[in-house]
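Q: Sequence plus predicted model, see below.
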Amino acid sequence: MVRTKVDICGLDTATLPIFTNEQMRSTFREFQSGSEEAKEALIMGNLRLVLSLVQRFAFRGEQVDDLFQVGCIGLIKSIDNFDLSHNVRFSTYAVPMIIGEIKRHLRDHHPVRVSRSLRDIAYKAMKAKEQFVLENLREPTISDIAKMIELEEEDILLALDAIQDPISLEEPIFHENGDPVYMLDQLKDSEVSEESWSNYVLMKEMMGRLGAREQKILAKRYYYGETQTEIAKELGLSQAQISRLEKNALGIMQEEFSSYN
């Protein structure tokens, strides 16, 4: 088997051990009998798991080494609290705790100011979630969390949404046929429809068929909101001439528009 070397925090991940499930359980029994060497082995045997989870947060603007160290804190907490009697894989238990530790670190270094009350609610909700996972071995619903901390579901959702990290529009969210698809590619302007865009293109094309003076008159009248008298003064013409030129230009555009329908 080929191992890919990754240097992180001065550690060569290619040298890390890979435990089978039975080896993991055996080492846990040694650790829970008081062996510090077994705990060290459990940490080293699960650093690859931490690295794989850290890579999910690679575009958050944080140093990977820093996130790796934070993830290791979550790993150690998971090792200290894991209960063999639940008969589940350690990774199943550890993943949400490691991710939770990383997210807590990112929230504490959040670039957007969030009110203290919202942060407190969010922290209570996250702590309740970790406790629920520990006791029930499944992800809680918002309703479950609301009952645990005795708050309204709407308040919890608002608080959790407030502490979410902002996402760059240039951040790739997935790859399609090898090409990255960015967040910007998934955004839609609900105020611009296909019909309005088509009308804009058509209008621009029809304006291009008018003379320079007629284009200027229509732009000043309908884009800048100037009166015929103001335009006449600027162009050195009479108001009657501006009126006639505007009317002729609109007539031409009306004929052009009718020909497309």
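A: Perfect, thanks for sending it. Numbering: from 1, shown residues only.

Q: Strands of the stretch 101-250 of the chain, start to end?
A: Ranges of strands in the stretch 101-250 of the chain, per DSSP state E, counting those that start in this stretch, are 172-176, 179-182.

Q: pLDDT weak spots in the stretch 101-250 of the chain?
A: 109-115, 165-201 (pLDDT under 70).

Q: make it 50
A: Nowhere does the stretch 101-250 of the chain drop to pLDDT under 50.

Q: my guess is Ala125 meets Glu150, correct?
A: No - the pair Ala125 / Glu150 is not scored as a contact, 11.5 Å apart, by C-beta atoms under 8 Å. C-betas here are computed from N, CA, C, even on glycine.

Q: From Gly225, how far off is the closest residue to Glu152 other than its chain neighbours?
A: Distances taken as C-beta to C-beta, 6 or more residues apart in numbering put Ala146 closest to Glu152, at 6.6 Å, once the chain neighbours are dropped. With distances taken as C-beta to C-beta, to the nearest Å, Ala146 is found 52 Å from Gly225.

Q: Between those two, which is the more surrounded one?
A: Ala146 (19 against 8; other C-beta atoms under 10 Å).

Q: my read: the more buried one touches Ala159, true?
A: No - using C-beta under 8 Å, Ala146 makes no contact with Ala159, being 11.4 Å away.

Q: residues in contact with the residue nearest to Glu152?
A: Residues near Ala146 by C-beta atoms under 8 Å, 6 or more residues apart in numbering: Glu152, Glu153, Ile156.

Q: Of those - the most surrounded one?
A: Highest count within those by other C-beta under 10 Å belongs to Ile156, 20 neighbours.

Q: isn't that one right up against Thr141?
A: No - counting by C-beta under 8 Å, Ile156 sits too far from Thr141 to count as a contact (10.7 Å).

Q: With neighbour numbers in mind, choose between Ala125 and Glu150.
A: Neighbour totals were compared for Ala125 and Glu150, and Ala125 leads with 23 against 7 (other C-beta under 10 Å).

Q: dump the residue contacts of the more buried one.
A: Ile145, Ile149, Leu151, Ile156, Ala159, Leu160.

Q: likewise Thr229?
A: Contacts for Thr229 (C-beta under 8 Å, 6+ apart) come out as Gln239.

Q: With Gln215 instead?
A: Residues near Gln215 by C-beta under 8 Å, 6+ apart: Met207, Ala249.

Q: Going by neighbour count, which of the contacts of Ala125 are buried?
A: Ile145, Leu151, Ile156, Ala159, Leu160 (16 or more other C-beta atoms under 10 Å).

Q: Output those in TSV, with distance to Gln254 appended to each entry.
A: TSV is the format used below for the buried ones among the contacts of Ala125 (distance: C-beta to C-beta, whole Å):
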residue	distance to Gln254
Ile145	61
Leu151	61
Ile156	57
Ala159	56
Leu160	55
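
Q: from those residues, which is closest to Ser52?
A: Leu160 (24.4 Å; C-beta to C-beta).

Q: mind checking how far the closest one is from Arg119?
A: Going from Leu160 to Arg119 by C-beta to C-beta gives 11 Å.

Q: where do the contact lists of these two overlap?
A: Among the neighbours of Leu160, none is also in contact with Arg119 (C-beta under 8 Å, 6+ apart).

Q: Which segments of this structure make up each domain?
A: The chain resolves into domains spanning 1-94, 194-259 when parsed by automatic domain parsing.

Q: and Gln131, which of those is closest to it?
A: domain 1-94 (10.6 Å).

Q: could you give the mean pLDDT of the closest one?
A: Computed over domain 1-94, the mean pLDDT rounds to 80.

Q: Distance from that domain to the middle of the chain?
A: Distance of domain 1-94 from its chain centroid, counting by C-alpha atoms, centre = their mean, to the nearest Å, is 26 Å.

Q: cool, stretch 84-100 as well?
A: Distance, centroid of stretch 84-100 to centroid of chain: 26 Å (C-alpha atoms, centre = their mean).

Q: Could you list the buried residues of that stretch?
A: So for stretch 84-100, counting by 16+ other C-beta under 10 Å, buried means Phe90, Tyr93, Ala94, Val95, Pro96, Met97, Ile98, Ile99, Gly100.
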